[in-house]
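Novice: Below are the sequence and a predicted model for it; my questions follow.
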Amino acid sequence: MEQKTWTELSVPEGNEMTVQKTIGLVAPAGAINKETIQSASEICRQHGFAVVESKHLYGKERHYSGTIQERADDINDFLSCDDIDIIYAARGGSGSPMILDLIDWPLWKEKQKPLIGFSDITALQLALFKKTGLPSLSGMGMTTHMTENNIYKNLSFEILKGKTEITLDDIPNAEIKIEKSGTFSGILIGGCLTTITTLIGTEYLPTNEDIILVIEDVNEPVYVIERNLFHLKQIGFLDKVKGLIIGKFTYQKNEIDVWNESGYLFENLEFAVSNFPYGHIENCVAVPLGVNAKLTTKPFTLQW
């Protein structure tokens with residue numbers, strides 16, 4: 001089967017959402033209180049999606065949504081179900097790396113179902129790309145971003161339905177900072193920095209050259225952020241990064257200037273931007289991962 005792009009995975013034939021798609025909600029990581037995602041589920045329905053809940057969505061095993069096997073089974077079950085079009089991880093937290101060995105990657109490659117998730121789900125998204133080459137959508141966390149107050153909520157749904165670029169016109173309030181001007185095309189990957197580093201030494205960290213890296217994190221002090229990036233530098237990962245998109249890094253509600261603190265670690269950059277509206281913040285825009293992308297800084301345009 002020929003590999004599909006994110007747009008081909010997201011948009012029905014004719015490039016219009018004329019056929020209702022069904023979201024399968026899963027909880028690969030932290031436990032979920034039903035009340036925290038009900039309004040987000042309704043927003044999905046308002047945007048034309050049907051929503052089906054997995055067997056263990058509201059399960060509880062310590063601070064996880066279920067046992068490692070149960071969390072993996074929910075994903076594999078939805079992959080096998082022809083009535084489910086999209087796998088949507090309702091929240092992150094912790095625990096996604098635990099299930100990677102139990103995911104049916106050949107089945108996912110065969111079914112080519114898109115994945116939506118954020119934060120700890122970064123592990124699942126990077127593993128999906130490494131094992132199958134399939135893209136995913138990072139953002140739209142049901143407990144963080146899926147609120148009526150998120151000014152980029154509709155933009156994220158447009159990207160889910162097939163929009164192929166983000167320009168300054170789409171995010172006029174973002175105040176993106178151009179740290180290094182340029183234009184570059186490469187593979188766009190990334191997510192939560194701490195979760196990326198958990199994949200070091202495993203078979204799930206992508207090894208592509210010419211990377212456009214998008215990163216964010218929350219509740220990590222500046223020395224931990226620098227330590228994580230330094231670790232990625234030591235294994236040679238950062239040497240492959242030619243483009244850098246720094247999202248929001250916050251610690252105790254204060255923003256951290258990651259470029260100023262750790263930009264020296266990126267030696268091969270063609271461009272770098274910071275203050276991109278992506279992170280553990282309400283006003284977050286979703287970003288496709290595992291896609292061939294082009295970023296231009298004058299004016300800012302991210303295309304895939």
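Specialist: Nice, I can see it. Keep in mind that what you see is a predicted model, and the values were worked out from it rather than measured.
Novice: Quick one: list the elements packing against the helix or strand containing Ile23.
Specialist: Using DSSP states H and E, Ile23 sits within strand 22-26. Secondary-structure packing of strand 22-26 (3 or more C-beta pairs under 8 Å, 6 or more residues apart in numbering; DSSP states H and E): strand 50-53, helix 68-80, strand 86-89. C-beta coordinates here come from the backbone N, C-alpha and C atoms, glycine included.
Novice: As CSV, could you dump the C-alpha coordinates of stretch 63-71?
Specialist: In CSV, the C-alpha atoms belonging to stretch 63-71 read as follows (Å, rounded to 0.1, in the frame of the first residue of the first chain):
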residue,chain,number,x,y,z
HIS,A,63,-2.2,7.1,38.0
TYR,A,64,-2.7,5.4,34.6
SER,A,65,-5.9,4.8,32.6
GLY,A,66,-5.4,1.0,32.8
THR,A,67,-2.7,-1.6,32.8
ILE,A,68,-0.1,-1.5,30.1
GLN,A,69,-1.8,-4.3,28.2
GLU,A,70,-5.3,-2.6,28.5
ARG,A,71,-4.0,0.7,27.2
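Novice: By neighbour count, which bits of it are buried? Give me those.
Specialist: Of the residues in stretch 63-71, 64-66, 68, 70-71 count as buried by neighbour count, 16 or more other C-beta atoms under 10 Å.
Novice: can you pull out the helices in the protein?
Specialist: 6-10, 38-46, 68-80, 105-111, 122-132, 153-160, 193-197, 222-234, 258-262 (DSSP state H).
Novice: How much space separates the residue lying closest to Lys233 once chain neighbours are set aside from Val258?
Specialist: Nearest residue to Lys233 in three dimensions, chain neighbours excluded: Leu265, at 4.8 Å (C-beta to C-beta, 6 or more residues apart in numbering). Separation of Leu265 from Val258 (C-beta to C-beta, to the nearest Å) stands at 10 Å.
Novice: Comparing the two, which residue is more hemmed in?
Specialist: Val258 (23 against 15; other C-beta atoms under 10 Å).
Novice: residues contacting the residue most central in space within the chain?
Specialist: Geometric centre of the chain, nearest residue: Ser138, 1.9 Å, by C-alpha atoms, centre = their mean. Counting by C-beta atoms under 8 Å, 6 or more residues apart in numbering, Ser138 touches 117-118, 121-122, 125, 190-191, 214, 278, 286-289.
Novice: likewise Leu124?
Specialist: Leu124 touches 28, 89, 96, 99-100, 103, 115, 117, 136, counting by C-beta under 8 Å, 6+ apart.
Novice: Most neighbours among these, which one?
Specialist: Pro28 (33 neighbours).
Novice: Touching, that one and Ile99? I think so.
Specialist: Yes. Pro28 is within contact range of Ile99, at 5.7 Å (criterion: C-beta atoms under 8 Å).
Novice: Give the burial count for Thr207, as a bare number.
Specialist: By other C-beta under 10 Å, neighbour count at Thr207 equals 10.
Novice: That one: what's it in contact with?
Specialist: Thr207 neighbours (C-beta under 8 Å, 6+ apart): Lys130.
Novice: would a markdown table of the contacts of Ser138 with distance to Thr132 and pLDDT be doable?
Specialist: Shown next, in a markdown table, are these (distance: C-beta to C-beta, whole Å; pLDDT from 0 to 100):
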| residue | distance to Thr132 | pLDDT |
| --- | --- | --- |
| Gly117 | 15 | 98 |
| Phe118 | 20 | 98 |
| Ile121 | 16 | 98 |
| Thr122 | 16 | 98 |
| Gln125 | 11 | 98 |
| Gly190 | 18 | 98 |
| Gly191 | 17 | 98 |
| Val214 | 20 | 98 |
| Tyr278 | 24 | 98 |
| Ala286 | 20 | 98 |
| Val287 | 19 | 98 |
| Pro288 | 15 | 98 |
| Leu289 | 13 | 98 |
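Novice: Quickly name whichever of the residues you listed is closest to Val52.
Specialist: If you rank these by distance to Val52 using C-beta to C-beta, Gly117 comes first, at 16.4 Å.
Novice: From Ser181, how far out is that closest one?
Specialist: 32 Å.
Novice: now do Lys34
Specialist: Lys34 is 47 Å from Ser181, by C-beta to C-beta.
Novice: Output the below-cut-off pLDDT ranges for the stretch 1-150 of the chain.
Specialist: 1-4, 10-18 (pLDDT under 70).
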